[in-house]
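Participant: dropping a prediction and its sequence here:
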Amino acid sequence: MQVQIYASTVASGDVVRAKMGGFLKSKNGILGQEFAGVVTEVGKKVTRFNKHDRVFGIVATGAHAEYLTVSEEAAVTKIPASVSFREAVCFCIGANPTLYFLEKLGNIRPGHQILIIGASGSVGTFAVQYAKYIGAEVTGVCSTKNIELVKELGANHVIDYNQEDFRESKKI
């Protein structure tokens with residue numbers, strides 16, 4: 001599908017690619033990994049997205065272009081109506097992998113139990129909230145200083161990895 005880009009980020013990967021050459025260099029010469037925009041064209045086999053859908057996602061390179069061709073199987077999803085393009089592109093690093101791994105690969109459903117290691121990181125904070133939203137029972141693993149944050153995000157149980165080995169915890 002083709003996406004017209006309305007917002008993208010400059011991330012550490014872009015800086016590394018810009019400074020280095022060789023195998024890290026962008027194949028098409030266009031940097032950018034995180035994007036938000038509108039689907040302008042869909043191929044015959046595309047089923048998850050329609051023309052005019054607002055989407056955001058992560059690609060290897062090319063998100064700083066005006067238009068981007070991306071597979072519907074890539075880490076891309078629809079933007080909720082209440083979220084702007086600039087807000088959506090900021091979710092990419094935490095939200096997009098979470099949606100991909102929990103929804104697509106993990107098939108998370110209400111009543112599932114989920115352990116989130118790194119529950120206070122960029123992916124972990126979104127994962128805790130999303131799993132809770134779905135209706136899963138969430139156990140988050142984090143450091144002492146982030147226990148309250150992970151509880152506020154909605155975790156049913158929190159394991160402080162400074163105090164307890166999650167592999168031996170009775171909370172899971």
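Facilitator: Thanks, I have the structure now. Residues are numbered from 1 along each chain as shown.
Participant: mind listing what residue 66 touches?
Facilitator: With contact set as C-beta atoms under 8 Å, 6 or more residues apart in numbering, residue 66 has these partners: 4-5. For glycine as for every other residue, the C-beta is placed from the backbone atoms N, C-alpha and C.
Participant: return the backbone torsion pair for it.
Facilitator: phi -70, psi -40 (degrees, to the nearest 10).
Participant: before we move on, what about residue 87?
Facilitator: Taking degrees, to the nearest 10, you get phi -70, psi -40 for the backbone angles of residue 87.
Participant: low-confidence regions, this protein specifically.
Facilitator: 12-29, 94, 96 (pLDDT under 70).
Participant: show me the strands in it, by range?
Facilitator: Secondary structure of the chain, counting by DSSP state E: strands at 2-8, 34-41, 54-58, 67-69, 75-78, 113-117, 137-142, 157-160.
Participant: distance to residue 102 and mean neighbour count for those strands - can I get that in CSV?
Facilitator: Output for these, formatted as CSV (distance: least, C-beta to C-beta, whole Å; neighbours: other C-beta atoms under 10 Å):
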stretch, distance to residue 102, mean neighbour count
strand 2-8, 23, 19
strand 34-41, 19, 21
strand 54-58, 15, 23
strand 67-69, 25, 16
strand 75-78, 12, 21
strand 113-117, 8, 19
strand 137-142, 11, 24
strand 157-160, 18, 20
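Participant: okay, these in CSV with distance to residue 172 next?
Facilitator: Below are the strands of the chain laid out as CSV (distance: least, C-beta to C-beta, whole Å):
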stretch, distance to residue 172
strand 2-8, 39
strand 34-41, 33
strand 54-58, 30
strand 67-69, 40
strand 75-78, 28
strand 113-117, 6
strand 137-142, 5
strand 157-160, 8
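Participant: right, I'll call it a day here.
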